[in-house]
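Visitor: I'd like to go over a predicted model; first the sequence, then the structure.
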Amino acid sequence: MSDADIPARSRVGFAVRRLACIVATLLFGPGLAVAPAGAAGLDAAAIEKLLPELEKQVEAGMKAFSVPGVALGIVFDDKLIYAKGFGQRRAGDAAPVSADTIFQIGSTTKAFFATTLAQAVDAGTLKWSDPVVDHLPVFQLADPWVSRDFRILDLAAQRSGLTPYVNDGLTFLGFDTETMIRSLRVAPQVGIFRSDFRYLNIPHIAGGEIVASVNGDKSWFASLKRMLLDPLGMAATSATPEGIEKAENHASGHRLDESPVPIPFHAAFPYAMGPAGALNSNVPDLSKWLRLQLGRGHFGDKVLISEANLDVTWTPRVAMSERLSYALGWVIMATPRGRVIWHNGGTMGFGAHVGFLPDAGVGLVILTNIGSSGMADAVAQWFYDRVLGNPLVDNVAIGAAVAATQREREQAELKAFVPGPLPVDDNALAGSYASPLLGSATVSVKDGRLQVLLEKTDALLLLEAGKADPNRFQVRLAQTRAFVPIVAMTGNAPIGTIQFERNIGNRVVGFRFLDPELPHSFARQAE
């Protein structure tokens, strides 16, 4: 899930946007040279020989991607053989990153979720083939057949066929977990169920509710802690903003403007996403997680998951490209000289990569404090290629060029919106509106500007009229009360576009979001 620079118009998105394109570029760009034969006969000494150049790649990546700080760890032969920090925990401050520094790890959390599903299957409280609605009746999709046939395994397999990232933005608008799960019933079916890769987060939230229920726990994290984190000794890992803030040695997240800008922690994101991306962790803890994967469910003398059900989480379920497939919480990558199993994570202020070479016994953790996983992915692909003996590619240079191109495109999209005056009949837009899912909204004109108040959450949306269409408005979130830190996270970027709709008599009858990720309409209420 390489999300190098989330588009400004949809920064409320979560972490793998354009993954296949970016990673394919990193992996299969023009070869610069052919490496010597790879993983066969690999030993710790061979990995140690790579370290000086690996550190140079980290430093180059930090510069190319404007990353303030990085923590990196390598696992081999059931041990953490290398762990080091680079740069600063917070841009402009002296406190250095160490191997123990806590970072948000974003969507690398999804593999933990898949493993808790597998453990529930081991325990007999779930079956991979169980219909989700049998455990969570509120889980309903727009297509009744898909709703009924959506199985436990599908929750983590990213093959629903729904609009990618659909309704993730609701968490930034203050909506709760139940509303987010219910929001799937209005998500368009844009792909073929179980055939098309479509990256979502909300099904994981629903799955977390199921895991907690069948385990008799208060929350998914309570199950994770009892069944995985405690047995692995991952005491530094948490899933709340308080969990990272209270840690003395934690990194600050940064969004990238002209330079990295520190941002606050907030419960809305990624923590409201729970099993989709809420974890905070560090290199020593994640090395234990990788040892469990490389040990095929064994950790020391403990068996925490059966090999059979661990294999289920590693098995490709849907193609992303010719050489990339999605399994359950993992991306499976075919390279010329071996497979790689990995996932990345991008929150508003952090980027992470966690992966391993199952046939070589090598694992890798890269944690960064910039809101993009591009640098972590690029350095990781460099490392995998060297260990496996694949054709050599300048992954950092290629990745940085891709990220720069994306950023230029996003800035061009922003500039393409030309502000215009409010419609002459702007007061005709004012009034009460309602959505079956999101509740009431009040549209008003204040100080010559149109605004929308979402009554259920008190989120205030500021609308800027467009010149091309007097009924179309760019939307920003106002810095009111609880939403001040959210605006600081997003950098006051536009969060979407609203279109007011009129009937044949030119009377305003409603408005809707035009963004595919927010498929919601509000109907005008009688005065």
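Guide: Received it, and whenever you're ready, just let me know what you need.

Visitor: The closest residue to residue 382 other than its chain neighbours: neighbour count?
Guide: Taking Cβ to Cβ, 6 or more residues apart in numbering, and ignoring the residues beside it in sequence, residue 382 has residue 395 as its nearest neighbour in space, at 4.4 Å. Where C-beta positions appear, they are placed from N, C-alpha and C, glycine not excepted. Using other Cβ atoms under 10 Å, the number of residues around residue 395 comes to 25.

Visitor: My guess is residue 395 contacts residue 386. True?
Guide: No. Here residue 395 lies out of contact with residue 386, judged by Cβ atoms under 8 Å, at a distance of 10.3 Å.

Visitor: hang on, residue 329 packs against residue 115?
Guide: Yes. Here residue 329 lies in contact with residue 115, judged by Cβ under 8 Å, at a distance of 7.4 Å.

Visitor: what do these two both touch?
Guide: Residues touching both residue 329 and residue 115 by Cβ atoms under 8 Å, 6 or more residues apart in numbering: residue 313.

Visitor: and residue 340, what are its bridge partners?
Guide: Residues found in beta-bridge contact with residue 340 (criterion: DSSP bridges) are residue 333.

Visitor: now it: how far from residue 379?
Guide: Residue 340 sits 14 Å away from residue 379, going by Cβ to Cβ, to the nearest Å.

Visitor: The nearest residue to residue 350 once chain neighbours are set aside bridge partners, please.
Guide: Of all residues beyond its chain neighbours, the one nearest residue 350 is residue 104 (4.0 Å), with distances taken as Cβ to Cβ, 6+ apart. Residue 104 has the following beta-bridge partners by DSSP bridges: residue 280.

Visitor: Could you tell me how many residues sit around residue 104?
Guide: Using other Cβ under 10 Å, residue 104 is surrounded by 31 other residues.

Visitor: Would you confirm that it contacts residue 346?
Guide: No. Distance between residue 104 and residue 346: 9.4 Å, which falls outside the contact criterion (Cβ under 8 Å).

Visitor: which neighbours do those two share?
Guide: For the pair residue 104 and residue 346, residues contacting each of them under the criterion Cβ under 8 Å, 6+ apart are residue 352.

Visitor: Going by neighbour count, which residues in stretch 434-443 are buried?
Guide: 434-435, 437-438, 441, 443 (16 or more other Cβ atoms under 10 Å).

Visitor: Okay, strands next: where are they in the stretch 351-500 of the chain?
Guide: All strands of the stretch 351-500 of the chain, identified by DSSP state E, counting those that start in this stretch, fall at 351-357, 362-368, 391-392, 431-435, 439-446, 449-454, 459-465, 472-477, 496-502.

Visitor: Could you identify the helix or strand that succeeds the helix or strand of the chain at the bottom of the mean pLDDT ranking?
Guide: Sorting the helices and strands of the chain by mean pLDDT, DSSP states H and E puts strand 33-34 at the bottom, at a mean of 38. Following the chain from strand 33-34 toward its C-terminal end, the next helix or strand by DSSP states H and E is helix 44-65.

Visitor: distance between that next one and the chain's centre?
Guide: The offset between the C-alpha centroid of helix 44-65 and the centroid of the whole chain comes to 26 Å, using Cα atoms, centre = their mean, to the nearest Å.

Visitor: what's the next secondary structure element after it?
Guide: Tracing the chain past helix 44-65, the next element assigned as helix or strand by DSSP H and E is strand 69-76.

Visitor: Which residue, other than its chain neighbours, is closest to residue 163?
Guide: Nearest in space to residue 163, with sequence neighbours left out and distances taken as Cβ to Cβ, 6+ apart, is residue 516 at 4.9 Å.

Visitor: Check what pLDDT the one you found gets.
Guide: Looking at residue 516, its pLDDT stands at 93.

Visitor: Ok, residue 274 next?
Guide: Among the per-residue scores, residue 274 holds a pLDDT of 97.

Visitor: same check, this time on residue 467
Guide: Model confidence at residue 467, expressed as pLDDT, equals 86.

Visitor: gap between it and residue 430?
Guide: Distance of residue 467 to residue 430, computed by Cβ to Cβ: 21 Å.

Visitor: Those two - which one has more neighbours?
Guide: The residue with the greater number of neighbours, taking residue 467 and residue 430 and applying other Cβ under 10 Å, is residue 430; the counts read 14 against 11.

Visitor: List the residues that contact that one.
Guide: The neighbours of residue 430, taking Cβ under 8 Å, 6+ apart as the test, are 443-445, 450.

Visitor: So how do I select the buried members of these in ChimeraX?
Guide: Remark: buried members of those, expressed as a ChimeraX selection using 16+ other Cβ under 10 Å:
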select :443,450
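
Visitor: quick check, nearest of the contacts of residue 430 to residue 156?
Guide: The shortest separation between residue 156 and any of those is 39.3 Å, and it belongs to residue 443 (by Cβ to Cβ).

Visitor: Name the residues linked to that closest one by a beta bridge.
Guide: Each beta-bridge partner of residue 443 is listed here: residue 431, residue 452, as defined by DSSP bridges.

Visitor: How much space separates it from residue 379?
Guide: Note on residue 443: its distance to residue 379, by Cβ to Cβ, is 48 Å.

Visitor: which stretches of the stretch 151-300 of the chain have low pLDDT?
Guide: Along the stretch 151-300 of the chain, no part satisfies pLDDT under 70.

Visitor: can you map out the helices along it?
Guide: Taking DSSP state H, counting those that start in this stretch to define them, one finds helices in the stretch 151-300 of the chain at 177-182, 202-215, 220-224, 230-232, 241-245, 283-294.

Visitor: Ok, which of those comes nearest residue 130?
Guide: The minimum distance between residue 130 and the helices of the stretch 151-300 of the chain falls on helix 202-215, with 8.8 Å, by Cβ to Cβ.

Visitor: from the middle of its chain, how far away would that closest one be?
Guide: Its chain's C-alpha centre and that of helix 202-215 lie 18 Å apart, by Cα atoms, centre = their mean.

Visitor: Surely residue 275 and residue 108 touch.
Guide: No. Using Cβ under 8 Å as the test, residue 275 is too far from residue 108 to be in contact (11.7 Å).

Visitor: and residue 491, how many residues sit next to it?
Guide: By other Cβ under 10 Å, the residues close to residue 491 number 15.

Visitor: Now do the phi/psi pair for it.
Guide: Note on residue 491: its backbone torsions stand at phi 70, psi 30 [degrees, to the nearest 10].

Visitor: how close does it sit to residue 134?
Guide: From residue 491 across to residue 134, the span is 43 Å (Cβ to Cβ).

Visitor: Can you give me the distance of residue 322 to residue 394?
Guide: For residue 322, the distance to residue 394 (Cβ to Cβ) stands at 22 Å.

Visitor: Pull the contacting residues for residue 227.
Guide: Contacts of residue 227 were listed using Cβ under 8 Å, 6+ apart, and they are 116, 119, 215, 304.

Visitor: and if we set it to 6 Å?
Guide: When contacts are counted by Cβ atoms under 6 Å, 6 or more residues apart in numbering, residue 227 is found next to residue 119.

Visitor: Repeat that for residue 210.
Guide: Contact analysis of residue 210 by Cβ under 6 Å, 6+ apart lists 135-136.

Visitor: one more time with 8 Å, if that's ok
Guide: If you count contacts by Cβ under 8 Å, 6+ apart, residue 210 has them with 126, 132, 135-136, 152, 155.

Visitor: cool, residue 53 as well?
Guide: residue 386.

Visitor: one more time with 7 Å, if that's ok
Guide: With contacts defined as Cβ atoms under 7 Å, 6 or more residues apart in numbering, residue 53 has no neighbours.
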